[in-house]
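Engineer: Quick one, structure for this:
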Amino acid sequence: MSDNIGTVSNHTDDQEEEVEDSGITLDYGKKEFWEKKYEEEKIFDWYQDYVSLKPVITKYMPKDKWVLVVGSGNSKVSEDMAKDGYHFVANVDIAHIVVQQMQRRSTYLGLDDRLNYMTMDVRALGIKDHSVDCVLDKGTLDALACSQNYLRDIPLMCKEMYRVLKKGGLWMIITFSDPNGRMEYFEDKNFDWNVQSQEVIRDAVVEGEQPARHWVHIITKQ
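Structural biologist: Numbering: from 1, shown residues only. Next up is the predicted model:
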């Protein structure tokens, strides 16, 4: 599987250029934000854990396929997938500190043969064209939607997902946004996607808490 991974692509200076202040105080599109966050935070799952996502993940992502988790952070979903029988789960994140943390964790757990962690930016992946079977995105597109440069960053991510996926490959997005809030990004005439959507609900963890409701968009490259 590692033959599909090339050298990490770096952003050019113009890609790092700031747009005028949009009123967003936390720029989730910036590497510096995530590096600082992961200095203080260890293991945490945004939105949903593997238990609640397992029915939809296993339905659409065969366990013998290469799965790429983008913006993997310090989530346990990848290791839970490996423990559940997934053969190879590659993980990429823009923050090098969390990549190191999670690689050490996978070694400690004895999952090195099924998990790999790499420092990469979803807007410029160092992965070969048409080489990935499945992409799992749990909150990464949402994070870019909260960045100051979201009008630039989201199309860059969509372009990279389309580039690295094989024909018939799928990109699964777990998001706060219903289909109406994301569809415009998948209707670009340069891409040929098929989009299905469904809700996923995680039961309340503590008494009095509301169940966590999110959307799963299953986007298949035609």
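Engineer: Which helix or strand in this structure has the lowest average pLDDT?
Structural biologist: When the helices and strands of the chain are compared on mean pLDDT, DSSP states H and E, helix 31-40 comes out lowest with a mean of 76.
Engineer: Grab the CA positions of it and hand them over as PDB.
Structural biologist: Output of helix 31-40 as PDB, limited to C-alpha atoms (Å, rounded to 0.1, in the frame of the first residue of the first chain):
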ATOM      1  CA  LYS A  31      -1.500  24.100  10.800                       C
ATOM      2  CA  GLU A  32      -0.400  26.300  13.800                       C
ATOM      3  CA  PHE A  33      -3.900  26.000  15.300                       C
ATOM      4  CA  TRP A  34      -3.800  22.200  15.300                       C
ATOM      5  CA  GLU A  35      -0.200  21.900  16.400                       C
ATOM      6  CA  LYS A  36      -1.100  23.900  19.500                       C
ATOM      7  CA  LYS A  37      -4.300  22.100  20.100                       C
ATOM      8  CA  TYR A  38      -2.600  18.600  20.100                       C
ATOM      9  CA  GLU A  39       0.100  19.700  22.500                       C
ATOM     10  CA  GLU A  40      -2.700  19.900  25.100                       C
END
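Engineer: Now do that helix: which elements does it pack against?
Structural biologist: If contacts are counted by 3 or more C-beta pairs under 8 Å, 6 or more residues apart in numbering; DSSP states H and E, helix 31-40 sits against helix 96-108. To be clear about C-beta, it is placed using only N, CA and C from the backbone, and glycine gets the same treatment.
Engineer: Over the helix it packs on, what's the mean pLDDT, rounded is fine.
Structural biologist: Mean per-residue pLDDT for helix 96-108: 95.
Engineer: got it, and stretch 49-64?
Structural biologist: 96.
Engineer: show me where the chain has helices.
Structural biologist: Ranges of helices in the chain, per DSSP state H, are 31-40, 50-60, 77-83, 96-108, 140-145, 150-164, 179-186.
Engineer: Is it correct that residue 144 is in contact with residue 29?
Structural biologist: Yes. Contact criterion C-beta atoms under 8 Å: residue 144 and residue 29 qualify, at 5.6 Å.
Engineer: Overlap in contacts, the two.
Structural biologist: Residues touching both residue 144 and residue 29 (C-beta atoms under 8 Å, 6 or more residues apart in numbering) are 150, 153.
Engineer: TSV for the helices of the chain, including distance to residue 69 and mean neighbour count?
Structural biologist: Below are the helices of the chain laid out as TSV (distance: least, C-beta to C-beta, whole Å; neighbours: other C-beta atoms under 10 Å):
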stretch	distance to residue 69	mean neighbour count
helix 31-40	15	14
helix 50-60	11	16
helix 77-83	5	22
helix 96-108	10	17
helix 140-145	9	22
helix 150-164	12	19
helix 179-186	19	14
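Engineer: Of the ones you listed, which is nearest residue 192?
Structural biologist: helix 150-164 (8.5 Å; C-beta to C-beta).
Engineer: what distance separates that closest one from the centre of its chain?
Structural biologist: Centroid displacement of helix 150-164 relative to its chain, using C-alpha atoms, centre = their mean, to the nearest Å, is 12 Å.
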